[in-house]
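*Asks:* Give me a model of this one.
(one chain, ligands or ions: 1)
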Amino acid sequence: MKINKSIGCTVNECKYHAKEDSFCSLDHINVVKHHDRANSVEATDCGSFEVGK
Ligand code: SF4
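*Replies:* Predicted coordinates for the structure are as follows:
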């Protein structure tokens with residue numbers, strides 16, 4: 001699996017997670033917010049997440 005060392009990620013439930021390392025395997029991700037104004041870390045998220053197997 002390809003590892004993108006520019007995108008660190010600990011969400012190992014995601015199907016794009018590079019399992020052996022804490023990185024994403026995608027070339028690009030989309031970061032999203034959950035409110036009109038993001039005012040905390042919790043208000044942002046990885047919009048490219050997909051449930052793995
Ligand atoms: S798509 Fe998002 S949640 Fe999934 S491994 Fe990549 S950065 Fe993490």
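
*Asks:* Determine the longest strand present in the chain.
*Replies:* strand 4-8 (DSSP state E).

*Asks:* Just list what it packs against, helices and strands only.
*Replies:* strand 23-24 (3 or more CB pairs under 8 Å, 6 or more residues apart in numbering; DSSP states H and E). C-beta: built from backbone N, CA, C; applies to glycine.

*Asks:* hang on, the earlier thing: pLDDT (mean, whole number) over the longest strand of the chain?
*Replies:* Taken as a whole, strand 4-8 has a mean pLDDT of 97.

*Asks:* Against the ligand, how distant is the residue lying closest to Gly52 once chain neighbours are set aside?
*Replies:* Computed as CB to CB, 6 or more residues apart in numbering, the closest residue to Gly52 that is not its neighbour in sequence is Lys15, at 3.7 Å. Distance, Lys15 to the ligand, using CB to the nearest ligand atom, to the nearest Å: 7 Å.

*Asks:* ends of stretch 4-17, how far apart?
*Replies:* Length of stretch 4-17, first residue to last, CA to CA, to the nearest Å: 10 Å.

*Asks:* gap between that stretch and the chain center?
*Replies:* 5 Å (CA atoms, centre = their mean, to the nearest Å).

*Asks:* measure the residue nearest to Gly52 to Ala38 for me?
*Replies:* 25 Å (CB to CB, to the nearest Å).

*Asks:* out of these two, which sits in the busier spot?
*Replies:* Ala38 (14 against 10; other CB atoms under 10 Å).

*Asks:* From the ligand, how far off is the closest residue to the more buried one other than its chain neighbours?
*Replies:* Nearest non-adjacent residue to Ala38, counting by CB to CB, 6+ apart: Thr44, 5.3 Å away. Distance of Thr44 to the ligand, given as CB to the nearest ligand atom: 12 Å.

*Asks:* so how many other residues sit close to Thr44?
*Replies:* Neighbours of Thr44 using other CB under 10 Å come to 14.
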